[in-house]
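1. Fold the following, please.
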Amino acid sequence: MTLSKKERYSNLVQSRKQCSDCQGLVNPSRGVEGRYDSFQIGPWSRWQGNLDANIMVVGQDWGTTDYCLKWKGLDQSQGNPTNDNLRRLLHSIGVEIRPPGADQRGEIFLTNAILCLKQGNLQSPVQDEWFRNCGRKFLKPQIQIVKPKVVVALGNKAFRAILNAYGIHYAWPRTHRRVVELGCVKLPKEILVFPAYHCGARVMNTHRDLEAQLNDWKPTGKALRSGGEGAA
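-> You can find the predicted model right below:
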C-alpha cells in the first residue's frame, strides 16, 4: 500500500522525535521536558509547513533550548530579524506569508538543516556531523515528500547540507558570493536548489545587505513563475 504524503511526513516526524544521534544537541521531544514539541518536523515548520508548497526554505538551525523555552516552541512573533527579512525576500518574488504565530499550514515549507536544539546562544557553533546526520535522515526525506519546485538554502552550510544529503559533488568556489552567483543546482525530480545568503541581522549588516539579497532572489522568483525551469 502506498502511503500518502501526510502519512509519510507523520512517520518522519515520529522518527525525528526518537532520534538521539548527535551529541551536543537536544531533541525538541526531550528539551524543556518536551513541553513545546509539536507534530511538525521542527519548530520552523510550525510557522510554515505546507506539504504541497512550491517553495521550501532551508535554514541552518532553529535555535537553542533557552529560545524554545522563552517563545514556547514557536518563533518570536515580531522583531526577529531573520523572519522579518525572509518575509520581505519572499514578498519580492510574489510569495506572501503571515508573521509567526499559532501553528499554521501556511503557504510554503520552512525547515532547518539541523532540527534539534543547541545549547548556549543563537550564535553558538554547529558541527559538521550534525549536518550529515540530519541531512541523511531527515532533510532529504522532507524534500522528497514535499517535492517543491524550488528549494532556497539560507547560507553556505545549509546549501552544503542539501547537496551532501543527495551525494552531489560540487566544486566549491572560494566565497559564498560566488556560490550564489553560480546559481541553482538541479536535484532529482527536477527540483532546483538555490544558494542564498542567510537573512539574519549579522549577515545583513556585515556581508550582504537587503538590497543585494533582494537582487539575489530574482532567479528564484523567475524559476517559480516558469515552473522550475532554468537550472545551471
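2. could you point out the longest helix in this protein?
-> The residue-count maximum for a helix in the chain (DSSP state H) belongs to helix 5-18.
3. Would you pull up how far that helix lies from the middle of the chain?
-> Here helix 5-18 is found 17 Å from its chain centre; the criterion is Cα atoms, centre = their mean, to the nearest Å.
4. Check which element follows that helix along the chain.
-> Going down the chain from helix 5-18, the next helix or strand is helix 43-47, by DSSP states H and E.
5. Could you give the average pLDDT over the following helix or strand past that following helix?
-> Per DSSP H and E, the first helix or strand lying C-terminal to helix 43-47 is strand 55-61. Here strand 55-61 scores 97 as its mean pLDDT.
6. what lines up beside strand 55-61 in the sheet?
-> strand 109-114 (parallel), strand 150-154 (parallel) (DSSP bridges).
7. Please convert those to a markdown table, extending it with mean pLDDT, mean neighbour count and distance to residue 23.
-> For glycine as for every other residue, the C-beta is placed from the backbone atoms N, C-alpha and C. Listed next are these as a markdown table, based on pLDDT from 0 to 100; neighbours: other Cβ atoms under 10 Å; distance: least, Cβ to Cβ, whole Å:
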| stretch | mean pLDDT | mean neighbour count | distance to residue 23 |
| --- | --- | --- | --- |
| strand 109-114 | 98 | 26 | 13 |
| strand 150-154 | 98 | 26 | 25 |
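8. Just tell me which of those ends up closest to residue 41.
-> Closest of the strands paired with strand 55-61 to residue 41 is strand 109-114, at 6.1 Å (criterion: Cβ to Cβ).
9. So what touches the helix or strand following that closest one?
-> Once strand 109-114 ends, the next helix or strand along the chain (criterion: DSSP H and E) is helix 128-134. The set of residues external to helix 128-134 that reach it, using Cβ atoms under 8 Å, 6 or more residues apart in numbering, is 21-22, 24-25, 61, 113-116, 157, 160-161, 164.
10. Alpha carbons of helix 128-134, as PDB, please.
-> Listed next in PDB are the C-alpha coordinates belonging to helix 128-134 (Å, rounded to 0.1, in the frame of the first residue of the first chain):
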ATOM      1  CA  ASP A 128      29.600  19.100  10.500                       C
ATOM      2  CA  GLU A 129      28.400  15.800  12.000                       C
ATOM      3  CA  TRP A 130      25.100  17.300  12.900                       C
ATOM      4  CA  PHE A 131      24.500  18.300   9.300                       C
ATOM      5  CA  ARG A 132      25.500  14.900   8.000                       C
ATOM      6  CA  ASN A 133      23.200  13.000  10.400                       C
ATOM      7  CA  CYS A 134      20.200  15.300   9.900                       C
END
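11. Enumerate the positions of it that are buried.
-> For helix 128-134, burial by neighbour count (16 or more other Cβ atoms under 10 Å) applies to 130-134.
12. ok, of the residues you listed, which one's closest to residue 96?
-> Nearest member of these to residue 96, counting by Cβ to Cβ, is residue 134, at 29.1 Å.
13. Could you report the distance from the closest one to residue 111?
-> Note on residue 134: its distance to residue 111, by Cβ to Cβ, to the nearest Å, is 10 Å.
14. Please state the offset of the strand or helix carrying residue 186 from the chain centre?
-> Using DSSP H and E, residue 186 sits within strand 185-187. Taking the mean of its C-alpha atoms, strand 185-187 sits 16 Å from the chain's own mean (Cα atoms, centre = their mean).
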